[in-house]
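Undergrad: next input, structure requested:
(chains A, B, C and D)
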Protein chains: 2
Amino acid sequence: MPVNVWHTEGMPVLELLPVRDLQSCCAPITREPVSTENAERLAAALKALADPARLRLISMVAAHEDGEACVCDLTEPLGLSQPTVSHHLKVLVGAGYLTRTKRGTWHYYRLVPGALDSAASLLASV
Amino acid sequence: MPVNVWHTEGMPVLELLPVRDLQSCCAPITREPVSTENAERLAAALKALADPARLRLISMVAAHEDGEACVCDLTEPLGLSQPTVSHHLKVLVGAGYLTRTKRGTWHYYRLVPGALDSAASLLASV
DNA sequence: TCGATGCATCGACGTTTGTCGATCCATTCA
DNA sequence: TGAATGGATCGACAAACGTCGATGCATCGA
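TA: Numbering: from 1, shown residues only, chains lettered A, B, ... in the order given. Below you'll find the predicted structure:
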């Protein structure tokens, strides 16, 4: 549920707020502009997604068997080097979209349920 | 409705697809990963939003009287120079989130209805 | 006609980002 | 124990990005 964005070093700076229902049902023509802090948090959350390779990674992990995948599953279909794939996965984990679990030799990445939808909701409520 | 992203020079490359309803009602555990082209388009659309200044600009334009604002309305509350504000507005217009209209000496910016929600829907359907 | 104002564009700059090869560590297996 | 494999991290580098001051072009009002 919480989509985080690393700030200094793996430090989460964003906990996605619940969707503001009043927004959707009775938003006036003129509303309050978003605060600087919320803009920075949402921008960081979006920046983590604003890359073709990372969007494909998210999609590939979700589409993979059992909803999880290791780096070796992703490198070849993505067409990028292993260090680059690891880098992108780290960004996605840091932002709270993926989790990482180690089993034996492999690190399995898995989509955080609802993380993408939370970001989408936040975006729509700007 | 269409959220565009300039490709070479003001050339729109993205027309937001309609929300794929089958996705929300009966998505299987394992789906098809997004195509490279769609990932690039969505990434471009998100990149235009993944900046605190631009998110605040969108919000400020929407919150402004009559739903429109000129550059001079935005520069001071945003705390950035006029060229920088113009630059960000250009990016947002290019991506299809804002429109620009000239009346007399002023250029008025206005939110494209539904553009933000379209992007959010696309994001949620990754 | 001339000064003032709004704003786009240009050029420059420092920072951030995406990418890779090289390296190193952990785990497995012969 | 030693080779092989998965994968994180490092260092380097080019490209993209955000920002600003300077400039130029409209438009308006005196």
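Undergrad: okay, CA-based contacts and neighbour counts for the rest of this
TA: Fine.
Undergrad: which ones are touching the closest residue to residue A:60 other than its chain neighbours?
TA: Closest residue in space to residue A:60, ignoring its immediate chain neighbours: residue B:33 at 5.2 Å, by Cα to Cα, 6 or more residues apart in numbering or on different chains. Shown in contact with residue B:33 (Cα atoms under 8 Å, 6 or more residues apart in numbering or on different chains): A:56, A:59-60, A:62-63.
Undergrad: out of those residues, who's nearest residue B:49?
TA: For the contacts of residue B:33, the residue nearest residue B:49 by Cα to Cα is residue A:56; the value is 18.7 Å.
Undergrad: does that closest one really touch residue B:41, like I thought?
TA: No - the pair residue A:56 / residue B:41 is not scored as a contact, 11.7 Å apart, by Cα atoms under 8 Å.
Undergrad: just for chain A, where's the confidence low?
TA: A:1-30 (pLDDT under 70).
Undergrad: can you list the residues of it near DNA strand D?
TA: Neighbours of DNA strand D within chain A, by Cα under 7 Å from any atom of the strand: A:70-73, A:82-84, A:86-87, A:90, A:105-108.
Undergrad: look up how far residue B:100 lies from residue A:79.
TA: From residue A:79 across to residue B:100, the span is 40 Å (Cα to Cα, to the nearest Å).
Undergrad: same deal with residue A:113?
TA: Distance from residue A:113 to residue B:100, by Cα to Cα: 39 Å.
Undergrad: one more: residue A:58?
TA: 35 Å.
Undergrad: what's the answer for residue A:55, then?
TA: 30 Å.
Undergrad: same thing with residue A:101?
TA: 48 Å.
Undergrad: with neighbour numbers in mind, choose between these two.
TA: residue B:100 (17 against 12; other Cα atoms under 10 Å in any protein chain shown).
Undergrad: which residues does the more buried one bridge with?
TA: Here residue B:100 sits in beta bridges with residue B:109, going by DSSP bridges.
Undergrad: can you map out the helices along chain A?
TA: Taking DSSP state H as the criterion, chain A contains helices spanning A:21-26, A:36-47, A:52-63, A:71-78, A:82-94, A:115-124.
Undergrad: tell me which of these sits most buried.
TA: helix A:52-63 (a mean of 23; mean count of other Cα atoms under 10 Å in any protein chain shown).
Undergrad: any residue of that helix up close to DNA strand C?
TA: Yes - judged by Cα under 7 Å from any atom of the strand, helix A:52-63 and DNA strand C are in contact via residue A:53.
Undergrad: distance of the residue sitting nearest the centre point of chain A from residue A:69?
TA: With distances taken as Cα atoms, centre = their mean, residue A:97 lies nearest the centre of chain A, 3.2 Å away. Applying Cα to Cα, the value for residue A:97 to residue A:69 is 14 Å.
Undergrad: same check on residue A:92?
TA: Taken as Cα to Cα, the span from residue A:92 to residue A:69 is 14 Å.
Undergrad: one more: residue A:113?
TA: In terms of Cα to Cα, residue A:113 sits 15 Å off from residue A:69.
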